[in-house]
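A.B. asks: have a look at this fold, sequence not included:
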């Protein structure tokens, strides 16, 4: 298991387990689609380890803020 997921640091950094899970899933999808890792020396690392390390190094973060205004099209 990835050590960072065993302690509370990553959850406090992002804002909870749900947000960490959502961020990891989104970033892993980006990596699978061809995005390059934002950290160096990824040899031998799984995608999950890469994403967790990107979070711990503050290379990625979650933005779950709501938009100020939502436009609803008229029907």
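C.D. replies: Yep, that arrived. All values derive from a computational prediction rather than experimental measurement.
A.B. asks: which residues touch the residue sitting nearest the centre point of the chain?
C.D. replies: Nearest to the mean C-alpha position of the chain, by C-alpha atoms, centre = their mean, lies residue 23 at 3.2 Å. Residue 23 makes contact with 14, 51, 55, 60, 61, 62, according to C-beta atoms under 8 Å, 6 or more residues apart in numbering. C-betas here are computed from N, CA, C, even on glycine.
A.B. asks: which among the residues you listed end up buried?
C.D. replies: Neighbour-count burial (16 or more other C-beta atoms under 10 Å) applied to the contacts of residue 23 gives 14, 51, 55, 60, 62.
A.B. asks: among those residues, which ones are in helices?
C.D. replies: 14, 51, 55 (DSSP state H).
A.B. asks: let me know the closest of these to residue 29.
C.D. replies: Ranked by distance to residue 29 (C-beta to C-beta), these are led by residue 51 at 10.2 Å.
A.B. asks: my guess is that closest one contacts residue 27, does it?
C.D. replies: Yes. Contact criterion C-beta atoms under 8 Å: residue 51 and residue 27 qualify, at 4.6 Å.
A.B. asks: common neighbours of these two, please.
C.D. replies: Joint contacts of residue 51 and residue 27 (C-beta under 8 Å, 6+ apart) are residue 60.
A.B. asks: show me the shaky parts of the chain.
C.D. replies: 1 (pLDDT under 70).
A.B. asks: quick one, helices of it?
C.D. replies: Counting by DSSP H, the helices of the chain are 9-14, 17-32, 47-56.
A.B. asks: how far out from the middle of the chain is the longest one?
C.D. replies: Going back to what we said before, that points to helix 17-32. How far helix 17-32 lies from its chain's middle: 4 Å, per C-alpha atoms, centre = their mean, to the nearest Å.
A.B. asks: same question, stretch 6-15
C.D. replies: 12 Å.
A.B. asks: same check, this time on stretch 62-75
C.D. replies: With C-alpha atoms, centre = their mean, you get 22 Å for stretch 62-75.
A.B. asks: this completes my enquiry, with thanks.
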